[in-house]
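**Student:** Okay, sequence plus prediction incoming.
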Amino acid sequence: MNGLLIRSLDRGATAFLAIVVAAAMIVPALNLLLPETSPLHVPTYIVSLFGKYVCYALLALSIDLIWGYCGILSLGHGAFFALGGYAMGMYLMRQIGTRGVYAHPVLPDFMVFLNWKELPFFWYGFDHFAYAALMIVLVPGVLAFVFGWFAFRSRVTGVYLSIITQAMTFALMLGFFRNNFGFGGNNGLTDFKDILGFNVQADTTRAALFAASCLFLALGFLVCRALVSSKFGKVLVAIRDAEARTRFLGYRAESYKLFVFTLSACMAGVAGALYVPQVGIINPSEFAPANSIEAVIWVAVGGRGTLTGAVLGAILVNYAKTTFTTGALAPYWLFVLGGLFIAVTLFLPRGIVGTLSHWWRERRARGETAGEIGGEPAPRPAE
Amino acid sequence: MRTTRDLLIALLFIGACAMAALTAGSVPARAQGFDAALDKFAADSFSDTEVGIAAVAASGHAMAARVIEALQNARLQVDPATRKIYIRTGETAVLDAATGSAAPAPAELKTVRINNRLRRAIEAALGGLTLLSPDPAKRFEAAQAVFKSRDAAALATLDAAIAKETDGRIRRALTEARAAVLLYKPDAAEADKLAAVAAVKARGDQEALALLSGLPVDAPARVAQAAKDAVGSIQSELAMWATVQNAWYGLSLGSVLLLAAIGLAITFGVMGVINMAHGEMVMIGAYVTFVVQDAIRAHHPGLFDYSLLIAIPLAFLVSGFIGILIERGIIRFLYGRPLETLLATWGLSLILQQAVRTIFGPTNREVGNPSWMSGAFELGQITVTYNRLWIVVFTLAVFVALLALLRFTRMGLEMRAVTQNRAMAASMGIRTSRVDALTFGLGSGIAGIAGVALSQIDNVSPNLGQSYIIDSFLVVVFGGVGNLWGTLVGAFTLGIANKFLEPFAGAVLGKIAILVLIILFIQKRPRGLFALKGRAVEA
């Protein structure tokens, strides 16, 4: 296993990990240790904002794992992200205790408001962080397993899979919008106070959440990297490029897909759980199909089939979104986003990182004499 | 305590006016009673007014209803000097309440005040008076009111009204009202009661059911038995009508789904292009309708009834033209890469939505129903609205036209040839890229005319298309790709299933159940209900 990890870390991956881990330490330090007057001081809102981007990056990573390496285009990954977020939100709601508006020791405010007498059974246990943490991984994982088990076994592929994943997140959205589902209806869960005993609003907590997001991103990256550079990863790529042929060679394509789909859903759940305390709210609009599709475009912009690209794409697109939607250009953001979808698919099918690394390899191949063409062939996304 | 007293008073009034209607004697006597009654209003004390209302209602005078209505609307006024009563009809105009003729307005007029108790007395008096009103709509309303209140006091008036009535519908309502009164009148003859049960049974709706099942326990055994049988038969009939109604709603929803999905059946089903901007083509069609109606309102208001007929070809052309642009500009570079097509067209849908939002604003725009599409008619126990009916008809017409186009025209032939075997079609001299563009334009154009129809039942906003896109894809996938009949069956199946689930599960849960069922169905039959067989499947 150690060998596998080390083998999986080429120069680019090591550099990427170094950057993420460094960010996890330096940004909170610049925020907490420097006085506000210092030019290098990072304000808390920037820490939270980038913490949000890092969570998106982890979501993008999970999408890239299945789409870039296994050809499964899920248009419902936002659902796993939101489920993880709801699990975290339920833990945070239970931590409010008597500090809610109605000061009920057990029931969250919205249940008191709806005149509920006791906690629904699926809220049991969420006052323990360990249980909530388990659910954050388990709920998206089990849903993905069941969904994937049905879908992959009956060989639902390509566009059909995309459409039913979209239908899945749409159905969940409709459900969570209902008050009697027990998740706060369209207001969702909000007004959090504490996480693990620390105030969620405090600068130190926000810095710690940022650091945690970065570390989980690094962990997710390591896992994906180890996976795709192993033999297992080669089979995934084979399934992506020629599923029928791989099956004829004796691999059980559906098992591979199911495993990687479930893993990816768990990663998305973790991303959602880290996201919720940093933005302070989770509501059913996170299930909107548009969110899931937007997450796919982050991966496409960065470069599908390149893990660093997914992360880069998520951060770049969301940074652009923040810049646009907070200024006078807000009405034009959708033009930019829509244009991005079209431009990337038409002119930059490899994405930013894919194009750069392709160009780099070509140059090196030209520079060296014929006979030794770059280590591995360029990742070529195909249907 | 108060309510019982009010009820008692109301009963007295109705009884009084019934008596008046029957026993109305000579004209002078009647006028005399009326004048005396009017005088009661002059004091403007609540208790006197109350007596006055009863007396006016009992007088049977031609002006009685108008006086009481005026009192209700605070238009009944009194001249304190002469104690004469007037009805105010305008800023300066008044009528003499006693004669009904226009009179010069006195200098100082005081409005007769009323309070809540009087309001109830007024309503009761009007109810009795209007059973004999010359306005048929009012008589019908009054009959319905008596059917609900079952006042024994109204019986005499009812008999008089039935004898006079010529309109069949009102006569039936009056008879039903009379039956309702008799059923609850303890001293009515058993034969009368049995006839009453039959009359109420013929009415056959929820109210009749409530009336019959709520009969007093001391009713004669034969009446109780007859009522029980009638309840049973009404219940089974109502259940049948509920099924018919669900089926109709389902058909209506199915036709909306079909309309939204039928263009997609061409672009996705026949060409295999995932067009996420399909919903926006529908939206553009709806906005074309808005623009057409706006222009008509501004220039030729008389043409409003034809606005949809003008909008349909225009919407087809506009959406179709945009569709051809999309195919030439984006989609043709992405053939064979469905997932990329999906993303690019999704981006396009964002741009189109935002463009419409920028041009027309983010709020709903007003699109009116032409006169021939508004209103409704009753069919047994269900109400059918004309706009829903027209949409079902229109959808089927579009479907048939599209089938004919594909089957009988040269363009349809070329389209089928290209989708079945592109290389062979090209070798036979068909310009495949032109056919691609035209096919996509056709699908988009049909989405546009779907927009015209949907503008009649949905909000015309930039988000219009979004709400149909997921449903449309599910319909096409459920029905089976590449098969228009599959789309038809898929749309109506989903529509009807949805409406039959709704009463049990509620609208949202019903919808969720449908989504889950489709997801499960696709696992079972990944290629839909009517899957294409053979090599085309893997292409």
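**Tutor:** Perfect, I can see it now. Here the structure is a predicted model, which means the values were calculated and not measured. Residues are numbered from 1 along each chain as shown, chains lettered A, B, ... in the order given.
**Student:** Kindly provide the distance from residue B:198 to residue B:381.
**Tutor:** Going from residue B:198 to residue B:381 by CB to CB, to the nearest Å gives 18 Å. Every residue, glycine included, has its C-beta placed from N, CA and C.
**Student:** same question, residue B:144
**Tutor:** Going from residue B:144 to residue B:381 by CB to CB gives 16 Å.
**Student:** and what of residue B:191?
**Tutor:** Applying CB to CB, the value for residue B:191 to residue B:381 is 29 Å.
**Student:** between residue B:198 and residue B:381, which one's more packed in?
**Tutor:** residue B:381 (15 against 12; other CB atoms under 10 Å in any protein chain shown).
**Student:** Read off the pLDDT value for the more buried one.
**Tutor:** At residue B:381, the model reports a pLDDT of 73.
**Student:** for chain A, what are the nearby residues on the stretch 201-350 of chain B?
**Tutor:** Applying CB under 8 Å from any CB of the partner chain, one finds that the stretch 201-350 of chain B approaches chain A through B:274, B:330, B:333-334, B:336-344, B:346-350.
**Student:** if you set the cut-off to 6 Å instead, what comes out?
**Tutor:** Selection of the stretch 201-350 of chain B residues close to chain A by CB under 6 Å from any CB of the partner chain yields B:274, B:333, B:338, B:339, B:340, B:343, B:344, B:346, B:347, B:350.
**Student:** what's the neighbour count on the third one?
**Tutor:** For residue B:338, the neighbour count with other CB under 10 Å is 18.
**Student:** Let me see the contact set for it.
**Tutor:** A:159, B:274 (CB atoms under 6 Å, 6 or more residues apart in numbering or on different chains).
**Student:** Strands of chain B, start to end?
**Tutor:** Using DSSP state E, the strands of chain B run over B:76-79, B:84-88, B:94-96, B:102-103, B:110-111, B:376-379, B:382-385.
**Student:** again with the stretch 151-300 of chain A
**Tutor:** Along the stretch 151-300 of chain A, the segments classed as strands by DSSP state E, counting those that start in this stretch run A:189-190, A:194-195, A:198-199, A:281-282.
**Student:** most neighbours per residue, which of those strands?
**Tutor:** Mean neighbour count, computed with mean count of other CB atoms under 10 Å in any protein chain shown, is highest for strand A:281-282 among these, reaching a mean of 23.
**Student:** What strands flank that one, and is each parallel or antiparallel?
**Tutor:** Strands adjacent to strand A:281-282 in the sheet, as given by DSSP bridges, are strand A:189-190 (antiparallel).
**Student:** Average pLDDT for the strand it pairs with, rounded please.
**Tutor:** The average pLDDT for strand A:189-190 rounds to 90.
**Student:** Just the residues contacting it, thanks.
**Tutor:** A:89, A:93, A:281, A:282.
**Student:** Quick check: the farthest pair among these?
**Tutor:** Longest distance between any two of the contacts of strand A:189-190 is 11.3 Å, between A:93 and A:281; criterion CB to CB.
**Student:** confidence score at the residue of chain B positioned farthest from its centre?
**Tutor:** Most distant from the centre of chain B: residue B:427, at 55.4 Å, with distances by CA atoms, centre = their mean. Confidence at residue B:427, expressed as pLDDT, is 93.
**Student:** Contact residues of chain A facing chain B?
**Tutor:** Counting by CB under 6 Å from any CB, chain A comes close to chain B at A:73, A:150, A:154, A:156, A:159, A:163-164, A:167, A:170-171, A:174-175, A:178, A:293, A:334-335, A:337-338, A:341-342, A:345-346.
**Student:** In the stretch 1-150 of chain A, what residue lies closest to chain B?
**Tutor:** The nearest approach of the stretch 1-150 of chain A to chain B comes at residue A:150, 4.3 Å away (CB to the nearest CB).
**Student:** Check whether that residue really touches residue B:523, as I assumed.
**Tutor:** Yes. Residue A:150 lies in contact with residue B:523 (CB atoms under 6 Å); the separation is 4.3 Å.
**Student:** quick one: contacts for residue A:159?
**Tutor:** Residue A:159 makes contact with B:274, B:338 under the criterion CB under 6 Å, 6+ apart.
**Student:** what comes up buried for stretch B:231-243?
**Tutor:** Counting neighbours by 16 or more other CB atoms under 10 Å in any protein chain shown, one finds that the buried residues in stretch B:231-243 are B:231, B:234, B:237, B:238, B:241.
**Student:** Got phi/psi on residue 43?
**Tutor:** Going with chain A. Per-residue torsions, residue A:43: phi -70, psi 160 (degrees, to the nearest 10).
**Student:** that's the wrong chain, I meant chain B
**Tutor:** Main-chain dihedrals, residue B:43, degrees, to the nearest 10: phi -70, psi -20.
**Student:** ok, it to residue B:409 distance?
**Tutor:** Note on residue B:43: its distance to residue B:409, by CB to CB, is 85 Å.
**Student:** who's more crowded, these two?
**Tutor:** More neighbours surround residue B:43 than the other of residue B:43 and residue B:409, with 15 against 11 (other CB under 10 Å).
**Student:** Can you report how many residues neighbour the closest residue to that one other than its chain neighbours?
**Tutor:** Spatial nearest neighbour of residue B:43, chain neighbours left out: residue B:49 (7.9 Å); criterion: CB to CB, 6 or more residues apart in numbering or on different chains. Per other CB under 10 Å, the neighbour tally for residue B:49 reads 23.
**Student:** Over to residue B:82?
**Tutor:** Residue B:82: 9 surrounding residues under other CB under 10 Å.
**Student:** Residue A:346 now?
**Tutor:** Residues near residue A:346, counting by other CB under 10 Å, number 15.
**Student:** how about the nearest residue to it, chain neighbours excluded?
**Tutor:** What sits nearest to residue A:346 in space, not counting adjacent residues and going by CB to CB, 6+ apart, is residue B:333, at 5.8 Å.
**Student:** Model confidence score at the one you found, please.
**Tutor:** Listed pLDDT for residue B:333 reads 90.
**Student:** Then the one 10 residues further on?
**Tutor:** On the pLDDT scale, residue B:343 is placed at 86.
**Student:** Next up, the contacts around it.
**Tutor:** Counting by CB under 6 Å, 6+ apart, residue B:343 has contacts A:341, A:345.
**Student:** Tell me the spacing between it and residue B:418.
**Tutor:** 25 Å.
**Student:** Likewise for residue B:202?
**Tutor:** Separation of residue B:202 from residue B:418 (CB to CB): 62 Å.
**Student:** ok, the two, which is more surrounded?
**Tutor:** Using other CB under 10 Å, the more surrounded residue of residue B:202 and residue B:418 is residue B:418, with 24 against 14.
**Student:** got the contact list for that one?
**Tutor:** By CB under 6 Å, 6+ apart, the contact list for residue B:418 reads B:425, B:432, B:435.
**Student:** Out of those, which end up buried?
**Tutor:** With neighbours counted using 16+ other CB under 10 Å, these contain these buried positions: B:425, B:435.
**Student:** Show me the contacts of residue B:418 that map onto helices.
**Tutor:** Taking DSSP state H, the ones among the contacts of residue B:418 that sit in helices are B:425, B:432, B:435.
**Student:** what's the closest non-adjacent residue to the first one?
**Tutor:** Nearest residue to residue B:425 in three dimensions, chain neighbours excluded: residue B:417, at 4.1 Å (CB to CB, 6+ apart).
**Student:** Check the gap between that neighbour and chain A for me.
**Tutor:** Distance, residue B:417 to chain A, using CB to the nearest CB, to the nearest Å: 24 Å.
**Student:** Kindly report the same for residue B:136.
**Tutor:** 46 Å.
**Student:** if you skip the residues just before and after it, what's nearest to that residue?
**Tutor:** Nearest in space to residue B:136, with sequence neighbours left out and distances taken as CB to CB, 6+ apart, is residue B:167 at 5.5 Å.
**Student:** Sketch out the low-pLDDT regions of the stretch 51-200 of chain B for me.
**Tutor:** Counting by pLDDT under 70, the stretch 51-200 of chain B has low-confidence residues at B:58, B:60, B:127-128, B:151-154.
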